[in-house]
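>>> I'd like to go over a predicted model; first the sequence, then the structure.
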Amino acid sequence: MSIAFNREQGLKSLTLMIRSRLFEKKIEALFSSHEMHGTTHLAIGQEAVHAGVSPALDPEDWILTTHRCHGHTLAKGASVEAMLSEFFGLSQGLSKGLGGSMHLVDLEHHNGGTSAVVGSGVAIATGMALQLKRTGSHNLVVAFFGDGASSRGIIHEAMNMASIWNLPVLFLCEHNLYGMSSCATNMVSVESIASRGASYSIESRTVDGNDVEVVYAAVQEAAQYIREESRPYLLETRTYRLSGHSKNDIRNYRTREEEAAWSQRDPLKILKERMIARGHLSEDDYNLLEKHEQKSLDKIAESLAKQKRYLSFEEASSYVYATGGSR
Ligand SMILES: Cc1ncc(C[n+]2csc(CCOP(=O)(O)OP(=O)(O)O)c2C)c(N)n1
Ligand SMILES: [Mg+2]
């Protein structure tokens with residue numbers, strides 16, 4: 001099942017994907033030039049998942065994301081400025097500059113944040129779903145996880161609990177074929193991760209994760225099911241990480257031919273060509289859109305790079321919790 005975006009929906013979706021792609025290319029360059037510190041995980045090639053999921057939800061539905069979280073955070077409503085501030089370590093950043101790329105929290109936009117511990121966000125999301133149910137909310141939680149995470153025990157425990165307690169949670173697997181350097185074909189016991197839903201009596205399906213219209217329609221359908229049936233749902237999106245796992249990944253665990261084949265199914269290319277065929281976009285419109293996004297991103301980055309508004313030592317220390325006796 002899919003829907004055909006009208007011109008306005010298509011432009012909104014394309015703009016979001018272009019913004020996400022350019023944002024990640026920008027930070028890749030800033031990490032390489034050591035203007036940003038720590039590590040980062042890019043989701044280049046996976047934009048149709050984040051651009052398809054959050055816009056299909058109610059704004060007050062929650063998400064809990066993963067270490068590969070930039071696009072999820074942007075799509076849920078965070079501004080480029082708040083995100084880049086966090087990457088530069090500035091006090092006005094999403095996590096006051098203390099978290100960086102992997103720890104973006106944005107409660108204002110109902111984004112519970114990320115955890116670098118693979119799979120753990122799914123347990124937190126399930127707990128949040130329990131709270132939503134107890135308070136009679138009609139909202140749900142989306143728990144993002146990857147193919148690598150899919151075999152972790154915590155995810156199976158969470159699915160079992162969500163099923164027996166009828167929790168409003170959408171388990172959203174982003175199957176990008178790899179967990180670091182390990183290919184899912186060697187690491188996951190089933191061809192279809194969605195098929196694991198049956199073990200927990202959870203309704204599930206697999207969709208093309210590179211087609212934003214397909215993802216959008218699948219999430220709308222899943223969200224409606226969760227709200228109407230008061231049951232969890234498992235959605236597997238099949239996509240591909242065109243970038244490396246994290247910084248300095250030379251990707252010697254896969255071939256350049258495989259990457260070239262997936263580039264033909266680049267989610268931005270799919271939507272762009274479809275919109276041109278429908279008469280909703282021209283090449284010039286696309287180039288203008290890209291230029292506009294790039295200009296605005298460069299301007300924000302340039303201004304933030306000069307700032308030195310870090311958290312005071314006192315405030316930063318106040319977030320450190322210690323238990324136990326004196327030494
Ligand atoms: C519990 C745990 N084990 C291992 C790691 C190291 N690690 C970080 S990312 C990653 C791969 C995760 O793969 P997947 O779930 O497919 O997500 P993707 O990176 O493809 O988005 C691993 C093993 C970790 N952070 N946490
Ligand atoms: Mg993966």
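Yep, it's here. A quick note: this is a predicted structure, and the numbers were derived from the prediction, not measured. Numbering: from 1, shown residues only. Ligands and ions are numbered 1, 2, ... in the order given.
>>> what sits against the residue of the stretch 201-327 of the chain found nearest ligand 2?
Closest approach between the stretch 201-327 of the chain and ligand 2, counting by C-beta to the ion: residue 241, at 6.7 Å. Placement of C-beta: from N, CA and C, glycine included. Taking C-beta atoms under 8 Å, 6 or more residues apart in numbering as the criterion, residue 241 is in contact with 42-46, 68, 176-178.
>>> where does the closest residue to residue 159 other than its chain neighbours land on pLDDT?
Excluding its sequence neighbours, the residue lying closest to residue 159 (C-beta to C-beta, 6 or more residues apart in numbering) is residue 200, at 4.4 Å. In the predicted model, residue 200 carries a pLDDT score of 98.
>>> burial measure for residue 200, as a count.
Here the neighbour count serves as a burial measure; for residue 200 (other C-beta atoms under 10 Å) it reads 19.
>>> is it true that it touches residue 163?
Yes: counting by C-beta atoms under 8 Å, residue 200 sits close enough to residue 163 to count as a contact (4.4 Å).
>>> What's the separation between residue 142 and ligand 1?
Distance, residue 142 to ligand 1, using C-beta to the nearest ligand atom, to the nearest Å: 15 Å.
>>> element containing that residue, please.
Secondary structure here is read from DSSP states H and E; on that basis residue 142 sits in strand 141-146.
>>> does any part of that strand sit near ligand 2?
Yes: Strand 141-146 comes into contact with ligand 2 (C-beta under 5 Å from the ion), by way of residue 146.
>>> Make sure residue 205 is indeed in a strand.
Yes: the assignment for residue 205 by DSSP: H, G, I helix; E, B strand; the rest coil puts it in a strand.
>>> quick one: residue 235 is in a strand?
Yes: under the criterion used here (three-state DSSP), residue 235 sits inside a strand.
>>> Spit out the contact partners of it.
170-173, 194, 204-205, 207, 218-219, 222.
>>> the strands in the stretch 1-150 of the chain, which residues?
62-65, 111-114, 141-146 (DSSP state E, counting those that start in this stretch).
>>> Which strands or helices does the longest one pack on?
Just to be clear, that refers to strand 141-146. With contacts defined as 3 or more C-beta pairs under 8 Å, 6 or more residues apart in numbering; DSSP states H and E, the secondary structure elements packing on strand 141-146 are strand 62-65, helix 120-134, strand 169-175.
>>> wait, does the first one contact ligand 1?
No: for a cut-off given as C-beta under 6 Å from any ligand atom, strand 62-65 has no contacts with ligand 1; the smallest distance is 10.1 Å.
>>> For that strand, what does the pLDDT average out to?
The average pLDDT for strand 62-65 rounds to 98.
>>> Return the residues of this protein in contact with ligand 1.
Residues of the chain lying near ligand 1 by C-beta under 6 Å from any ligand atom: 66-68, 116-118, 146-149, 176, 178-180, 241, 245.
>>> Cool, thanks, talk later.
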